[in-house]
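**Q** how would this look folded up:
(2 chains)
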2 protein chains.
Amino acid sequence: MDLGQRIEKALHEAISRAGGSGSPPQLAAALRYAVFPGGARVRPRLCLAVARACGDPFPAMSSAAAASIELLHCASLVHDDLPCFDDADTRRGKPSVHRAFGDPLAVLVGDALIVLAFQTLALAASDAPDRLAGLLMVVSRAVGGPSGIVAGQAWECEPGVPISDYHRAKTGSLFAAATIAGAVAAGGEPEPWRRLGECLGEAFQVADDICDKTANPEERGKPCGQDKAHGRPNAVEELGLEGAGRRLEALLEEAAQSIPVCPGAQTLRLTIGIESRPFLPKGFGLRAA
Amino acid sequence: MDLGQRIEKALHEAISRAGGSGSPPQLAAALRYAVFPGGARVRPRLCLAVARACGDPFPAMSSAAAASIELLHCASLVHDDLPCFDDADTRRGKPSVHRAFGDPLAVLVGDALIVLAFQTLALAASDAPDRLAGLLMVVSRAVGGPSGIVAGQAWECEPGVPISDYHRAKTGSLFAAATIAGAVAAGGEPEPWRRLGECLGEAFQVADDICDKTANPEERGKPCGQDKAHGRPNAVEELGLEGAGRRLEALLEEAAQSIPVCPGAQTLRLTIGIESRPFLPKGFGLRAA
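**A** Here you go, the predicted structure:
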């Protein structure tokens, strides 16, 4: 099974569980709608690619870690799209969850996906019980306070936003969790993998900021110009288009350099290079070593 | 340390972690506001009382289980009070979280509390690592889909509400998690403890339904007449005031009978009798065996 199939299978199992027998029908439908069809599944693909580079001796555990991270990402999209935040009408090329199912179900879908993410880790634990507490800590720190994605979103409620804290929390934290959780699920050391996730997360954010300024909504499947509309920090606003491009290049360079020595390092570098291409503006890419 | 002190200590530690160094200041303040000062802490007190009845050999684990359940209860209150659900202005005798901090932070506080609940279990796991997966399953099932409190709330979005599914999910599930998690954290068997939690949860709901009809908002610290205003099932509407009273009596009787044989059974029965008194209408109570 390739990485994409493993991720979809793990997500389908999780969503079928949460929306299974006894569930309110609309909640079950909205949960499925929020997760399928997916976006690019960047974070779980990164998680599994790192697990594979570390030998991936517990595939049920790494698949659960990848699914857990994607469920949390989907939860954050559903809540960020709510009228009290971005009030986004579309997501992944279709109406956002609150547009399709109403605000109450959108709040509940986000909540249920967060719970499901942790349950998914617990269910896979029989495969490698000694890794469960570590994985829970990696994932929960990436999502909750004081510096996970919830905190990143909360910085938007503050009058002064420290841009580095904001970006690190809002995007970097879940990317870092993806690389670290992939390593931990495979029995590897967590810390050597942090920088790769952080660099790719910030690169992804800068690339998205460039696209927010230069692409059109049909290409993106979501509205453009949202950062300016919501007064959010944007790398192009801050550094100019050329400066943002240089920053992106430096981050991709650092990402390539940061991959720890491991059996699958060269394959991982190639995989990340290929997989990141669709998200990068023309002319950018991860170099092979 | 008595039960109440253990619960407050565990909650303070958790909230200090989530709102600690690097947190957006308003998120940290809103997290604290949502959890302190607490209500009656009924669910975590029940959890610790059951753990104590089972010998409580891992007090860090049972305190974490109790705190985790209370954090999830607080999260559900914050989200249920939002304008798209109950639009409640007050909670525990003060402005609700969204009234005090705005809707965006109220959504994020609920999310962060859910994450924190699972992190709290993970952090205590070094005390009894083999119990972690089991506790996570108990707690996540009580909160998420298909039949946890999120599902209970989602039944309110359906045109026809099956009242037993609704009550079981909305109130019973977290009470059942409280008794089961208390037993599991203490190394006991989960299933014999389910019925006690379910009976007390439904009794609590019926007592609350009676108070929703008969008490005034100052006594309750939250608005009255909300069930009718939101078209929600209410035991008094369904059974009449006398019928609801009989139902409450039967549930308290069954709760008392359902306590499994264990060293602390008699003390537990007395504790529940004393602790439940403030929530029951006059003339009701748990009988000693």
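**Q** when you work out contacts or count neighbours from here on, use the C-alpha atoms and nothing else.
**A** Fine.
**Q** quick test: name the residue nearest the centre of chain A.
**A** The residue lying closest to the centre of chain A (Cα atoms, centre = their mean) is residue A:43, at 4.3 Å.
**Q** gap between the residue nearest to residue A:207 when sequence neighbours are not counted and residue A:193?
**A** Spatial nearest neighbour of residue A:207, chain neighbours left out: residue A:280 (5.7 Å); criterion: Cα to Cα, 6 or more residues apart in numbering or on different chains. To residue A:193, residue A:280 is 22 Å away according to Cα to Cα, to the nearest Å.
**Q** between these two, who's got more neighbours?
**A** More crowded of residue A:280 and residue A:193, by other Cα atoms under 10 Å in any protein chain shown: residue A:193, with 23 against 19.
**Q** residue A:259 is in contact with that one, correct?
**A** Yes: counting by Cα atoms under 8 Å, residue A:193 does reach residue A:259; the two are 7.0 Å apart.
**Q** what about the stretch 151-289 of chain A, any weak spots by pLDDT?
**A** Within the stretch 151-289 of chain A, the stretches with pLDDT under 70 are A:219-220, A:287-289.
**Q** nearest to chain B: which residue in it?
**A** Going by Cα to the nearest Cα, chain B is nearest to residue A:155 of the stretch 151-289 of chain A, at 5.6 Å.
**Q** tally of neighbours for that residue?
**A** Per other Cα under 10 Å, the neighbour tally for residue A:155 reads 27.
**Q** around chain B, which positions in the stretch 151-289 of chain A sit nearby?
**A** A:151, A:153-155, A:157-158, A:165 (Cα under 8 Å from any Cα of the partner chain).
**Q** which among the residues you listed count as buried?
**A** Buried members of those, counted by 16 or more other Cα atoms under 10 Å in any protein chain shown: A:151, A:153-155, A:157, A:165.
**Q** which ones among the residues you listed are found in helices?
**A** Counted as lying in helices by DSSP state H, out of these, are A:151, A:153-155, A:165.
**Q** any idea which element the residue nearest to residue A:98 when sequence neighbours are not counted lies in?
**A** Among residues not flanking residue A:98 along the chain, residue A:106 sits closest, at 5.0 Å (Cα to Cα, 6+ apart). Following DSSP states H and E, one finds residue A:106 within helix A:103-123.
**Q** hey, where'd the helices end up in the stretch 151-289 of chain A?
**A** A:163-167, A:173-185, A:194-214, A:217-220, A:226-229, A:235-258, A:265-276 (DSSP state H, counting those that start in this stretch).
**Q** out of these, which is the most enclosed?
**A** helix A:173-185 (a mean of 31; mean count of other Cα atoms under 10 Å in any protein chain shown).
**Q** need the contact partners of that one.
**A** For helix A:173-185, contacts defined as Cα atoms under 8 Å, 6 or more residues apart in numbering or on different chains pick out A:43-44, A:46-51, A:54, A:56, A:58, A:61-62, A:65-66, A:69, A:73, A:131, A:134-135, A:138-139, A:142-143, A:147-149, A:189-191, A:193-198, A:200-201.
**Q** selecting buried members of these in ChimeraX, what would you type?
**A** Per 16+ other Cα under 10 Å, the buried members of the contacts of helix A:173-185 correspond to this ChimeraX selection:
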select /A:43,44,46,47,48,49,50,51,54,56,58,61,62,65,66,69,73,131,134,135,138,139,142,143,147,148,149,190,193,194,195,196,197,198,200,201
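**Q** the contacts of helix A:173-185 in helices, which ones?
**A** Per DSSP H, the contacts of helix A:173-185 map to helices at A:43-44, A:46-51, A:61-62, A:65-66, A:69, A:73, A:134-135, A:138-139, A:142-143, A:149, A:194-198, A:200-201.
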